[in-house]
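3D model of this:
(2 chains)
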Amino acid sequence: MPDAATTQKTSNVTLTIDGRSLTVPEGTMIIEAAKSIGIYIPHYCYHPALSIAGSCRLCLVEIKGMPKLQIACSIPVKEGMEVFTNTEEVKDARIGMMEFLLANHPLDCPVCDRGGECMLQRFSVDYGIAHTRFMDQKRRFRKPQFDPLIDIERNRCILCTRCVRFCDEIAGEHVMGVFNRGEQNYIGTYGDGPVSNIFSGNVIDLCPVGTLTSKPFRFQARVWELHQLQTTCPYCASGCPVTCWTRDGKVCRTTPPIRKDKGKYVLDEDTTEFICNQGRFGLDIGHHAERLRHPIIRNNGPDAPVTWDEAIQAAAQGLRRIRNEHGPQAVAFLASPSATCEELYLFQRLARSVIGTNNIDWRGHLASPDIAAAFSLAMSTANGMLDDLSEIECVLVLNCDLLHEAPVTALKLREAARKANIELLLLGHHIDSWLATHAKAYLQCLPDQEHALIYALDQAIAKAEPEPTSADVDTIRELSGAGKETVESLITSLRSAGSGVIVYGVSEIWSHLASTVVDDLVALRNTLGPQWALLPVNPERNASGAFATGCQSDRLPGSGCDNQKTWEKLESLWGKVPLVRAAGLSAPDILEQASLGEIKGLVVLGSDALLRHPKPERVNQALKTLEHLVVIDVFPSSTTEQAHVVLPGALFTEKDGTYIDAEGRLARLCKGDDPPEDARDNWQILGELAKALGTEFPYQRLDDVFAELMNLLHPPCPFTLEELAPEGPGAECPIRCITKPSDRFHVLAGKYHALASSFRPTCHVRFAELPTAHAEEKIPPTVESGPGLILTWAPILQGRDHWGGRSPTMAPLRPSPYIEIHPSNAKELAVQTGDAVELRMGELRLLLRAIVCAGPAPGTVHVASNLVDLPLGDYLTRLPRVQLKKVEGKQT
Amino acid sequence: MLLEFLKGLAVTFRHIFKPHITVLYPEQKRVDAPIFRGKHKLNRYADGQERCVGCALCASACPSEAIYLEAAENTPEHPVSPGERYAELYQINLLRCIFCGYCEEACPENAIVLGPEYELAGTRREEFVMNKEDMLVKPEEGFGEYDVEAVHELPATEGLP
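Numbers count the residues shown, from 1 in each chain, chains lettered A, B, ... in the order given. I've put the predicted structure just below:
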């Protein structure tokens, strides 16, 4: 009997809805079961991603055997249940509920921005009565101060509490609530403050009525006037699909992907794909006044706009002269990791087959070749995916402030951990304090002991049979300062997981220990077994694409530079020109050689990577020394100012192409507008440049470039560019187009397996004699000695300025410079969140806002490097120590 | 044969003494039907505020896509219309307009009406794109059946924030 009962529990349930029989897993709510066979039950408060409130009472259905109507959102299905969703009684009840909801709702649909996609409007048409029986004055609220991005109109609210539940459960911040009682019920934030989280914009889409609307979109257009451009967000490596709603080519608003309803594309009010505020509000830069609109040739005179022919000829002439006089190795190419795969592919073809050099890279933001090598290693061992979290049991996040680097990836992980679908473990000198609330265990350590900790963990797991030895546990405890139970539970989770992913933040790998840390992680992954995968999170949108397309000195499209077959294949593909196989320079070396005068010509495709270099003066000096600098970009920057030829390119809404995100997903970028004035699509510019240099590219359309590139990958991607967007821009397109995990678009995996066999011994040799007590003697000191706290840093998404910082919406909301302090250090300094803190680093004094959180390890403090003005470029081989002092009487 | 000729002349003479149907346009002008659909007018409230709230329902009802408008938010210092929203840009392309009156039907505020004016000749295409100032009724013209005060923001209910 108990056996039968257990099987019953995990089995499916058969029921009938409106006479149609269906089988669904037990525990499914009626509303979801009905949805699965295409029966839509009207609802306001129910949302598949949120907890059940059951407050709107619109989803009432009749269930045979139950005396009264029941709400479909909170009644789980039962065997043999008979549900009726459309009887006269149900309709009557809905009409009654609509009358209650409309009693206090103002009749201001013409003014309301939700008009046209409002659920209240929609069900009023179905169930509303044309006259009102409510004779009293409707209740009226004043308009409060609310949020800089979200407009609130409380009179329209139907108190479904979707926004409140979203903030509590998904965004993880209890900022919104329902206040007062009875008729005076209203939603708001505590103290009428802003909805202060990075996902706050989602409450706009979640609101079924016009209570919460977008401020930047306010009165811009009616929704039915807009054109929907289904594309992908260009800001971070989460790679979210988004829909840009455009009017005359101008992006009015951005939302998660839309749904097709009765032949029309509408905003899906039940979407579970949430996007962050940067993607939602930061895409409105296409018509920015500062855009580069005309080609410029700089001949020590004023920048008069010239024709495209003149500019291309000038650019090509300079490059040709340098190649002829100094050889092709005197020319170098630097791409941006925000360019599309097609552009990057053409760019490296331009370098390799037209000029004849391997001096090509996308990592202009890296300061040393060691870090570049670590990047190469990280990218070539990446094989993790978080797409299907139901198949993953455990996720280990190392040193990654995911919330600020790839917010939606963080959101997915946190959701899975909250619902106990995965075990979330955090490790490192800087953990994501937002994720930590739902982590099973986390270990923190000082930045210079990180590799020792990973090594110790690796040893503990390798030796643990069946339990880790107490010596190993003690070593880890000594390094991390964590309790015995934490360490043991972390090791148990790692060992027992049937599948897992190690996520680590590449942007926090900046010291000369970078490659050691990646080595350690690869070794750890090998110890854990093949069910574990590695996933480096690169904050750049298309870093994976740049790597896959061979836009890197040590990579070819789809394989490493040591692969002779690829060289031969490329030679035959690119017109039987013998390619130069001499190793090229990585970006840090290119800049070094340029400042020495060895590199005389440079072509830059998008200057955003160079602008993030920790030593801008070094970049400027290198660029100044160049004889010929050609820059293709969309906005002016310090790089375009130094350029001899500036070629204006196209922004993400103005071009087609593809991006590859951190998890290897291929996403289609769709064109919705033309580049402004004289600006052109980047791939055409590259084609013209090649033509002027004497080699004409054979591509008629962008699809040809895509097809050629995809054929070079292993295995080749089975899609064409058109298939990624079958009906073209503005129509239905499976943006998140990936093949099944088994035959995943796997350019990185082949390399991984090759490395895994040879890599592990190297890694162990380095650490084999690492007794914890003498670890410091073997490893060069990486932290300044002396008193004070160790400073660590990483860039954040909202701090980007070349594109994102220009958004008129997001720029004012850029966070003020802050410093994260661990609670234990904050207590010593008597500092609380919001206090002003003076940071002293040598002679430098800086006023910062303190955030007390569990993010940095005890003894360290963390800053967002693209918000502060610190000479961090001087600290590439050792980490600085800083002194903090609370500034009394100042609140920031 | 003569008889047929006289019959014809009889018709002619009968009409000679009837009142004239034609008018000597442009010196004389016809009196139109009250529902005549001519050039559009944008109504105002008696206090001079515009009735149009820029909801764009006219533009979506228009079968010939002759209407283009951009809305904006009222400021408390210079409210253009009662409420939050007004039409910052309101254009009707008379070359596209077929004077069907659907915009008038769609308007929830009785803001746009088709007036009696039919003298719409011009020499350049640009002249036919009417802006707000070409359509808004002048205060001296009166407000006709719409002569009512604007309903302004009601005060908040007692006891509510």
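
all contacts plus neighbour counts: C-alpha atoms, from now on.
Will do.

and chain A, is the longest strand along chain B touching that?
If you go by DSSP state E, chain B has its longest strand at strand B:85-93. Yes - interface with chain A: strand B:85-93 contributes residue B:85 (Cα under 8 Å from any Cα of the partner chain).

the next helix or strand after that strand and chain A in contact?
Downstream of strand B:85-93, the next assigned helix or strand under DSSP states H and E is helix B:102-106. No - shown here: helix B:102-106 not in contact with chain A (Cα under 8 Å from any Cα), separated by at least 10.8 Å.

would you mark the buried spots in helix B:102-106?
B:102-104, B:106 (16 or more other Cα atoms under 10 Å in any protein chain shown).

so how far is that helix from its chain's centroid?
Relative to the chain's own centre, helix B:102-106 is displaced by 11 Å; criterion: Cα atoms, centre = their mean, to the nearest Å.

which other helices and strands does the helix or strand hosting residue A:246 contact?
Assigned by DSSP H and E, residue A:246 belongs to strand A:241-247. Where contact means 3 or more Cα pairs under 8 Å, 6 or more residues apart in numbering or on different chains; DSSP states H and E, strand A:241-247 is packed against strand A:227-232, strand A:250-255.

now the helices for chain B?
When assigned using DSSP state H, the helices of chain B occupy the ranges B:2-16, B:57-61, B:102-106, B:132-135.

turn those into JSON lines, columns for mean pLDDT.
Supplementary listing: the helices of chain B in JSON lines, determined by pLDDT from 0 to 100:
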{"stretch": "helix B:2-16", "mean pLDDT": "93"}
{"stretch": "helix B:57-61", "mean pLDDT": "94"}
{"stretch": "helix B:102-106", "mean pLDDT": "95"}
{"stretch": "helix B:132-135", "mean pLDDT": "92"}
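
the ones you listed: which one's closest to residue A:196?
Among those, helix B:57-61 comes nearest to residue A:196, with 35.1 Å by Cα to Cα.

low-scoring pLDDT stretches of chain A, where are they?
Scanning chain A for pLDDT under 70 picks out A:1-10, A:260, A:263, A:300-301, A:509-515, A:714-719, A:723-783, A:890-892.

show me the domain layout of it.
Annotated domains of chain A cover A:3-86, A:376-537, A:784-891 [automatic domain parsing].

how far does the shortest one sit from its chain's centre?
The chain centre lies 35 Å from the centre of domain A:3-86; the measure is Cα atoms, centre = their mean.

just the CA coordinates of the strand holding residue A:246, formatted as CSV?
Only the C-alpha atoms of strand A:241-247 are listed here, as CSV (Å, rounded to 0.1, in the frame of the first residue of the first chain):
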residue,chain,number,x,y,z
PRO,A,241,16.2,38.1,-25.8
VAL,A,242,14.3,41.4,-25.7
THR,A,243,11.7,43.2,-27.8
CYS,A,244,12.4,46.8,-28.7
TRP,A,245,9.2,48.7,-29.4
THR,A,246,10.1,51.3,-31.9
ARG,A,247,8.3,54.3,-33.5
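
confirm for me that residue A:454 is in contact with residue A:520.
Yes - using Cα atoms under 8 Å, residue A:454 is in contact with residue A:520, at 6.3 Å.

re the thing from before, out of the helices of chain B, which comes closest to residue A:581?
That would be helix B:57-61 among those, by Cα to Cα, at 61.9 Å.

other SSEs contacting that closest one?
By 3+ Cα pairs under 8 Å, 6+ apart, helix B:57-61 packs against strand B:67-73, helix B:102-106.

which neighbouring elements make contact with the first one?
With contacts defined as 3+ Cα pairs under 8 Å, 6+ apart, the packing partners of strand B:67-73 are helix B:57-61, strand B:85-93.

check contacts around the nearest residue to residue A:141 once chain neighbours are set aside.
Spatial nearest neighbour of residue A:141, chain neighbours left out: residue B:156 (5.2 Å); criterion: Cα to Cα, 6 or more residues apart in numbering or on different chains. Residue B:156 makes contacts with A:139-142, as judged by Cα atoms under 8 Å, 6 or more residues apart in numbering or on different chains.

next: residue A:440.
Counted by Cα under 8 Å, 6+ apart, residue A:440 has contacts A:423-425, A:490.

restricted to strands, list these.
Going by DSSP E, the strands hold A:423-425 from the contacts of residue A:440.

tell me the one of these nearest residue A:199?
residue A:424 (20.7 Å).

the closest one against residue A:392, yeah?
No - under the criterion of Cα under 8 Å, residue A:424 is not in contact with residue A:392, lying 10.6 Å apart.

neighbour count: those two, which is higher?
The neighbour comparison of residue A:424 against residue A:392 (other Cα atoms under 10 Å in any protein chain shown) goes to residue A:424, with 27 against 21.

who's in contact with the more buried one?
A:394-397, A:413, A:417, A:438-441.

from those residues, which ones fall inside helices?
Using DSSP H, these in helices are A:413, A:417.

between the contacts of residue A:424, which sits nearest chain B?
Of all the contacts of residue A:424, chain B sits closest to residue A:438, with 35.9 Å by Cα to the nearest Cα.

backbone dihedrals for that closest one, both of them.
Note on residue A:438: backbone dihedrals following degrees, to the nearest 10 are phi -120, psi 10.

which one of residue A:454 and residue A:520 is surrounded by more residues?
Between residue A:454 and residue A:520, counting by other Cα under 10 Å, residue A:520 is the more crowded of the two (25 against 22).

could you pull up phi and psi at the more buried one?
phi -60, psi -40.

export the helices of chain B as TSV, with columns for distance to residue A:495.
Shown next, in TSV, are the helices of chain B (distance: least, Cα to Cα, whole Å):
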stretch	distance to residue A:495
helix B:2-16	110
helix B:57-61	62
helix B:102-106	67
helix B:132-135	72
